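# Quick one: sequence plus predicted model below, questions after.
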Amino acid sequence: MIRRLTLLLSLAAVAVGIWLITRVGPLNAACNTSGSAHPGIGVDAKCTDIVASYFMGFALSIGGVTVLLLALIAMRRQPFKFWGKEPPPKAKLTDHEIRRMSRERDGE
């Protein structure tokens with residue numbers, strides 16, 4: 001349940017981030033082309049809200065993708081093989097244990 005909720009929330013964050021970027025993109029382009037009243041200052045006072053929304057869109061998208069990748073990595077079921085390393089060997093029975101198990105199986 002928590003895994004699904006994490007995946008859903010991260011996908012929602014990515015979707016809202018992309019929506020913000022696409023919604024504010026044309027306004028940001030208009031602010032970039034309009035000349036500032038005070039040369040050298042950078043962003044006009046009218047455009048600060050647009051820049052904040054644009055930044056929030058990127059932050060939500062990157063944060064959502066990061067959480068999504070971390071959740072998917074955590075949900076992996078098989079062990080990670082690092083450049084062909086074999087998993088540790090399984091425990092083997094000693095000869096004494098094999099003989100004892102065969103006697104128990106035969107009913108001795």
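Cool, the structure landed.
# what's the longest helix anywhere in the chain packed up against?
Criterion DSSP state H: the longest helix present in the chain is helix 2-33. Packing partners of helix 2-33 (3 or more C-beta pairs under 8 Å, 6 or more residues apart in numbering; DSSP states H and E): helix 48-74. From N, CA and C alone the C-beta is placed, and that goes for glycine too.
# Show the subsequent helix or strand relative to the helix it packs on.
helix 95-106 (DSSP states H and E).
# Send me that following helix as PDB with only the CA atoms.
Extracted in PDB, the C-alpha atoms of helix 95-106 (Å, rounded to 0.1, in the frame of the first residue of the first chain):
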ATOM      1  CA  ASP A  95      28.700 -35.600   5.600                       C
ATOM      2  CA  HIS A  96      27.700 -36.200   9.200                       C
ATOM      3  CA  GLU A  97      24.400 -34.200   8.600                       C
ATOM      4  CA  ILE A  98      23.700 -36.100   5.400                       C
ATOM      5  CA  ARG A  99      24.100 -39.500   7.100                       C
ATOM      6  CA  ARG A 100      21.900 -38.400  10.100                       C
ATOM      7  CA  MET A 101      19.100 -37.200   7.700                       C
ATOM      8  CA  SER A 102      19.200 -40.400   5.700                       C
ATOM      9  CA  ARG A 103      18.900 -42.500   8.900                       C
ATOM     10  CA  GLU A 104      16.000 -40.400  10.100                       C
ATOM     11  CA  ARG A 105      14.300 -40.700   6.700                       C
ATOM     12  CA  ASP A 106      14.800 -44.500   6.700                       C
END
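# Please enumerate residues in contact with it?
Leu93 (C-beta atoms under 8 Å, 6 or more residues apart in numbering).
# What is the distance between that helix and the centre of its chain?
Centroid displacement of helix 95-106 relative to its chain, using C-alpha atoms, centre = their mean, to the nearest Å, is 50 Å.
# Can you mark which positions in the longest helix of the chain are buried?
For helix 2-33, burial by neighbour count (16 or more other C-beta atoms under 10 Å) applies to Thr6, Ser10, Ala13, Val14, Gly17, Leu20, Ile21, Val24, Leu27, Asn28, Cys31.
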